[in-house]
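*Asks:* this one's sequence-less:
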């Protein structure tokens with residue numbers, strides 16, 4: 001009796017011995033040793049492999065190897081190879097390859113060849129797959145065309161990362177006059193360089209596969225990676241109706257990942273009106289993330305009600321984490337904390353969302369208490385969570401605790417500090433006025449400092465009016481991020497504070513020569529279910545006159561240092577205010593809020609850029625003047641204004 005390769009028995013026996021005895025079907029087939037037919041064995045192998053029962057496939061194949069008759073043949077190996085690849089067992093695949101050579105089914109049998117090729121491609125062993133593909137191609141007419149197409153598809157899909165080699169394989173396939181199908185494109189598009197996406201889109205359109213939902217969804221996702229959401233939208237609009245939920249989710253995710261949150265909300269409304277699909281957790285996570293980015297609290301609360309209506313949604317941990325993040329970023333920390341505390345099981349993302357929320361609002365002590373509680377419950381932080389911890393220390397000026405956590409990252413928590421952690425520490429040191437220490441930390445970094453690190457130092461130089469160090473930091477950051485206008489503005493403000501008008505003029509000239517423009521500042525607030533948007537010097541709002549009158553009178557009262565209750569002022573006594581110019585968007589939003597909300601109610605404003613010093617001072621004084629609480633979320637953090645002071649302690 002011929003014995004199978006010893007290595008094969010060694011590999012399979014320990015893992016699958018118990019499975020062999022536990023499956024009655026295996027025992028029944030194994031006992032039928034009087035039959036010399038491989039058909040019942042191969043049929044059973046195919047059924048198990050098709051059902052995804054890969055452990056059982058390998059266990060049954062082991063029984064077949066140990067049985068004198070029949071021996072595994074060319075129809076037995078494909079199922080075993082498929083299962084070994086699915087279980088990520090490259091050594092077992094190699095053993096099967098050796099067995100195929102020994103029994104003569106390799107390289108002569110095209111089915112064994114294509115199965116080996118698929119297995120090596122699935123395991124990303126592409127050099128071996130390329131060798132097999134050349135051998136299959138050399139067989140010529142002996143290999144059926146459909147089999148060749150499957151082989152090419154397998155090797156193309158084996159590329160995990162974008163590669164020119166995948167495109168080269170497709171070109172080789174076309175030169176060989178082999179047909180391709182939708183599966184080819186589904187394998188090719190995700191692993192092609194982003195520059196090839198328009199060309200592959202054209203190929204899909206001309207070939208007629210562009211209207212296949214799966215291919216269209218793949219193209220939408222590819223365009224999302226290139227940042228061209230308009231083309232992604234065009235592909236979506238050209239899809240046949242009704243479109244499946246996966247197609248809606250593809251475009252919603254494309255918008256969310258590229259930072260066009262308002263289009264996410266618009267598309268979600270469109271999906272609801274169309275009736276083509278019902279949202280699933282993937283949809284709602286993207287929508288909640290966009291609501292958090294926009295500060296669209298009313299819209300987010302509507303999504304929360306949808307979640308509460310579905311029992312399966314309300315128990316979904318990803319949706320719960322998204323709701324915590326949404327409430328924290330929309331200013332409702334109490335609601336976020338309530339949801340967090342009620343979670344029966346928390347993930348690391350849950351803790352990160354809560355710590356980040358408290359830190360962003362300037363409640364560093366509470367954020368660190370949550371972190372210590374997390375450690376006590378046995379969770380181990382990762383790099384993302386440590387950014388939230390260090391950022392919380394920075395926003396609250398907790399220098400000593402921030403240094404302690406940073407120095408403990410690698411040895412205590414097993415987290416290797418990356419550039420983003422160093423950026424937090426530079427910001428923390430800058431807040432404490434330790435600019436030289438911050439510079440030394442940058443020079444000691446084991447990785448190359450990025451724009452965020454030098455930008456943090458530049459921001460600290462602005463606060464502490466250090467022109468020389470600011471110029472040096474700007475040189476580095478301008479080289480790393482030459483189109484980031486914010487850094488030019490920071491240096492210009494440093495020059496302005498130092499009375500260096502020549503420096504201000506130089507920066508303006510630099511911006512002009514490089515064709516850079518500062519993003520227009522905008523602020524918005526939600527009132528009675530509607531979002532009101534304001535731009536600097538904006539006169540388009542329906543309440544334009546009243547808003548500017550309110551700002552003028554508040555400025556008037558501030559100059560007079562008149563501690564009055566603005567809600568009880570008879571404005572007619574003050575006459576008509578002078579026309580104001582250069583009014584920033586957050587002032588307009590604050591005035592609108594005072595005009596349209598009841599006395600005593602908190603007013604929340606969102607701003608796309610950092611709030612300027614003038615507006616920051618204005619809102620502080622107004623909070624004392626009118627005895628109101630204002631919450632402003634700018635590009636950096638939350639500012640809680642109350643009684644003439646701000647939670648940021650005038651450092652942001």
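*Replies:* Sure, I can see it. None of the values given here were measured: they were computed from a predicted structure. Numbering: from 1, shown residues only.

*Asks:* can you give me how far stretch 588-607 is from the chain middle?
*Replies:* Relative to its chain's centre, stretch 588-607 lies at 32 Å (CA atoms, centre = their mean, to the nearest Å).

*Asks:* Burial check on residue 631, number of neighbours?
*Replies:* For residue 631, the neighbour count with other CB atoms under 10 Å is 21. Glycine gets a C-beta too; all of them are placed from N, C-alpha and C.

*Asks:* Okay, now the unreliable bits of the stretch 451-600 of the chain?
*Replies:* 561-582 (pLDDT under 70).

*Asks:* Could you break the protein into its assigned domains?
*Replies:* Using the TED database, the domain parsing of the chain gives 420-518, 522-559+577-646.

*Asks:* now those in CSV, with distance to residue 199?
*Replies:* Below are the domains of the chain laid out as CSV (distance: least, CB to CB, whole Å):
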stretch, distance to residue 199
domain 420-518, 27
domain 522-559+577-646, 35
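
*Asks:* Isn't residue 535 up against residue 541?
*Replies:* No - the criterion here is CB atoms under 8 Å, and residue 535 misses it with residue 541 at 9.8 Å.

*Asks:* any residues in contact with both of the two?
*Replies:* When contacts are counted by CB atoms under 8 Å, 6 or more residues apart in numbering, the set common to residue 535 and residue 541 is empty.

*Asks:* Setting aside sequence neighbours, what's the nearest residue to the most centrally placed residue in the chain?
*Replies:* Nearest to the mean C-alpha position of the chain, by CA atoms, centre = their mean, lies residue 257 at 6.2 Å. Spatial nearest neighbour of residue 257, excluding adjacent residues (CB to CB, 6 or more residues apart in numbering): residue 224 at 5.8 Å.

*Asks:* do the same with residue 180
*Replies:* Going by CB to CB, 6+ apart, residue 180 has residue 173 as its nearest residue, at 6.4 Å.

*Asks:* I'd say that neighbour and residue 152 touch.
*Replies:* Yes - counting by CB under 8 Å, residue 152 is a contact partner of residue 173 at 4.8 Å.

*Asks:* Mutual contacts of those two, please.
*Replies:* Once CB under 8 Å, 6+ apart is applied, the residues that residue 173 and residue 152 both contact turn out to be 180, 184.

*Asks:* Looking at the two now, which is surrounded by more residues?
*Replies:* When residue 173 and residue 152 are compared for neighbours, residue 152 comes out ahead with 25 against 22, by other CB under 10 Å.

*Asks:* Just the buried positions in the helix or strand containing the more buried one, please.
*Replies:* Using DSSP states H and E, the element containing residue 152 is helix 145-157. Within helix 145-157, the residues that qualify as buried are 147-157, counting by 16 or more other CB atoms under 10 Å.

*Asks:* can you tell me the average pLDDT over stretch 157-177?
*Replies:* Across stretch 157-177, pLDDT averages out at 83.

*Asks:* again, but for stretch 336-353
*Replies:* Stretch 336-353 carries an average pLDDT of 95.

*Asks:* close enough to count as contact, the residue nearest to residue 257 and residue 260?
*Replies:* No - between residue 224 and residue 260 there is no contact under CB under 8 Å: 10.7 Å.

*Asks:* So between these two, which is more surrounded?
*Replies:* residue 224 (21 against 16).

*Asks:* Run a quick neighbour tally on the residue nearest to residue 145 when sequence neighbours are not counted.
*Replies:* Of all residues not flanking residue 145 in the chain, residue 178 sits nearest, at 6.6 Å (CB to CB, 6+ apart). When neighbours are counted by other CB under 10 Å, residue 178 registers 17.

*Asks:* now residue 545
*Replies:* Using other CB under 10 Å, residue 545 has 10 neighbouring residues.

*Asks:* Distance of it relative to residue 595?
*Replies:* Residue 545 sits at a distance of 11 Å from residue 595 (criterion: CB to CB, to the nearest Å).

*Asks:* hmm, back to that, in three-state terms, how would the residue nearest to residue 145 be classified?
*Replies:* coil (DSSP: H, G, I helix; E, B strand; the rest coil).

*Asks:* you'd agree it is up against residue 147?
*Replies:* No - contact criterion CB under 8 Å: residue 178 and residue 147 do not qualify, at 10.6 Å.

*Asks:* Give the closest residue to residue 396 in space, chain neighbours not counted.
*Replies:* residue 364 (2.6 Å).

*Asks:* correct me, but the one you found touches residue 355?
*Replies:* No - contact criterion CB under 8 Å: residue 364 and residue 355 do not qualify, at 9.9 Å.

*Asks:* who's more crowded, these two?
*Replies:* Neighbour totals were compared for residue 364 and residue 355, and residue 355 leads with 28 against 22 (other CB under 10 Å).

*Asks:* and that one, that's in a helix?
*Replies:* Yes - with three-state DSSP as the criterion, residue 355 is part of a helix.

*Asks:* Would you agree it is in contact with residue 385?
*Replies:* Yes - counting by CB under 8 Å, residue 355 touches residue 385, with 6.7 Å between them.

*Asks:* and of the domains of the chain, who's closest to residue 299?
*Replies:* domain 522-559+577-646 (8.3 Å; CB to CB).

*Asks:* distance between that closest one and the chain's centre?
*Replies:* With CA atoms, centre = their mean as the basis, domain 522-559+577-646 stands 32 Å off its chain's centre.

*Asks:* Would you map the strands across the protein?
*Replies:* Secondary structure of the chain (DSSP state E): strands at 522-527, 530-535, 603-607, 630-633, 638-642, 645-646.

*Asks:* What is the third one packed up against?
*Replies:* In terms of contacts (3 or more CB pairs under 8 Å, 6 or more residues apart in numbering; DSSP states H and E), strand 603-607 is packed against strand 522-527, helix 585-596, strand 630-633.

*Asks:* I'd like the ones you listed as CSV, with distance to residue 485 appended.
*Replies:* Below are these laid out as CSV (distance: least, CB to CB, whole Å):
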stretch, distance to residue 485
strand 522-527, 15
helix 585-596, 17
strand 630-633, 21
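
*Asks:* between these, which gets nearest to residue 607?
*Replies:* Checking these against residue 607 by CB to CB gives strand 522-527 as the closest, at 4.5 Å.

*Asks:* just checking, what packs against that closest one?
*Replies:* Against strand 522-527 (3+ CB pairs under 8 Å, 6+ apart) you get strand 530-535, helix 585-596, strand 603-607.

*Asks:* What sits closest to residue 113 if chain neighbours are left out?
*Replies:* In this structure, residue 113 finds its nearest non-sequential neighbour in residue 136, 5.1 Å apart by CB to CB, 6+ apart.

*Asks:* I'd guessed that neighbour sits against residue 150; true?
*Replies:* No - with contact defined as CB under 8 Å, residue 136 does not reach residue 150; the gap is 10.1 Å.

*Asks:* list the residues that contact both of these two?
*Replies:* Common contacts of residue 136 and residue 150 (CB under 8 Å, 6+ apart): residue 114.

*Asks:* shared neighbours, residue 364 and residue 355?
*Replies:* Common neighbours of residue 364 and residue 355 (criterion: CB under 8 Å, 6+ apart): residue 392.
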